[in-house]
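*Asks:* Would you be able to build a 3D model of this:
(one chain, ligands or ions: 1)
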Amino acid sequence: MIDERVITRAIIERYTDKILSCLDVDVVVCGGGPSGLVASYYLSKGGLKVVLFERKLSIGGGMWGGGMMFNEIVVQEKGKEILDEFEIETKPYKDGYYTADAIEAVCGICYRAKRAGAKIFNLVSVEDLVVRKEEVCGVVINWTAVEMASLHVDPLTVMAKAVIDATGHSTEVVRVLEKKMNVRLMTPSGKIEGEKCLWAEVAEDTTLENTREVYPGLYVAGMGANATFGSYRMGPIFGGMLLSGKKVSELILSKLK
Ligand code: 48F
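*Replies:* Residues are numbered from 1 along each chain as shown. Sure thing, here's the model as predicted:
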């Protein structure tokens, strides 16, 4: 016999337990695209308590659609090594280029991040930060549905030792800090430098260089790193995103461990 009351109670209780266990964590990852998911995996594997908030219903960001909805992605040798770790199949294309199925890549990375211990919440947007003594020490979250309906509903907070802005092109979290706190970021101008047009070769390298702390307690990874530090976009080659997720995890692990 199936009792609807049990189903409802199970969902509410389990979700409540899950979110209660994430109110004070080591790392909050904002955005569940490739860089945020890879970072969550390595950070969790390294023993840190990690929670990821993704605005949309689906995790995966810009990876599902490959290039222009042709759902294949391209990675170079170093990116392939990360996909190998996730046991995602890659096929050699030309010297130094590999392809992978975008769906397998998203699902595989997400699955392993979760199994490594990361808590993942979809349908939740990071709308603000908690900043104390010139250091980011938490995020302010709300249901995406509240945001979409422009409802006047106050948010809740999650405290963290480190926050990663992995929100992609929009660099939403860094933008909030810049707009509200009038702070000097660790960029050349002290502000968000802004994304440049597409140049895959340069952008892939600079994504890694730009993956770093941009303000005490706040790190940038993925496309957001290039947008913050004023570099190029790269289009549907994803090695830089994967490597950026790994690099930000190493930076945070060496700081917190
Ligand atoms: O854009 P996205 O995939 O970020 P990424 O990891 O990868 C970029 C590539 O997909 C591609 C590219 C190159 O290869 O240029 O664009 O840097 O994923 C970002 C995720 O963050 C979510 C958004 O819905 C997406 O899934 N997001 C954005 N703002 C917020 C957010 C927010 N304020 N709170 C929660 N999630």
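*Asks:* give the contact list for the spatially most central residue of the chain.
*Replies:* Among the residues of the chain, the one closest to the centroid is residue 36, at 2.3 Å (C-alpha atoms, centre = their mean). Going by C-beta atoms under 8 Å, 6 or more residues apart in numbering, residue 36 touches 29, 30, 52, 54, 61, 164, 166, 221, 222, 245. Where C-beta positions appear, they are placed from N, C-alpha and C, glycine not excepted.
*Asks:* Apply 10 Å and report the result again.
*Replies:* Contact analysis of residue 36 by C-beta atoms under 10 Å, 6 or more residues apart in numbering lists 29-30, 52-54, 59-61, 109, 113, 118, 120, 164-168, 221-222, 224, 241, 244-245, 248.
*Asks:* If you count neighbours, what's buried in the helix or strand where residue 10 lies?
*Replies:* For residue 10, the host element (DSSP states H and E) is helix 4-20. By neighbour count with 16 or more other C-beta atoms under 10 Å, helix 4-20 contains the buried residues residue 19.
*Asks:* tell me what it is packed against?
*Replies:* Counting contacts by 3 or more C-beta pairs under 10 Å, 6 or more residues apart in numbering; DSSP states H and E, helix 4-20 packs against strand 119-122.
*Asks:* Can you give the strand pairings for the strand it packs on, parallel or anti for each?
*Replies:* Sheet pairing of strand 119-122 (DSSP bridges) gives strand 50-54 (parallel).
*Asks:* how big is the angle separating the strand it pairs with from helix 4-20?
*Replies:* 110 degrees (axes from the mean of the first three to the mean of the last three C-alpha atoms, to 10 degrees).
*Asks:* What residues sit buried inside the next helix or strand after strand 50-54?
*Replies:* Following strand 50-54 in sequence order, the next helix or strand is strand 72-76 (DSSP H and E). By neighbour count with 16+ other C-beta under 10 Å, strand 72-76 contains the buried residues 73, 74, 75, 76.
*Asks:* cool, and stretch 93-104?
*Replies:* Using 16+ other C-beta under 10 Å as the test for burial, stretch 93-104 gives 97, 98, 99, 100, 101, 102, 104.
*Asks:* where does the nearest residue to the last one once chain neighbours are set aside fall, helix, sheet strand or coil?
*Replies:* Spatial nearest neighbour of residue 104, chain neighbours left out: residue 88 (5.5 Å); criterion: C-beta to C-beta, 6 or more residues apart in numbering. Using DSSP: H, G, I helix; E, B strand; the rest coil, the structure places residue 88 in coil.
*Asks:* again with residue 2
*Replies:* Assignment for residue 2 (three-state DSSP): coil.
*Asks:* so what's it up against?
*Replies:* Going by C-beta under 10 Å, 6+ apart, residue 2 touches no other residue.
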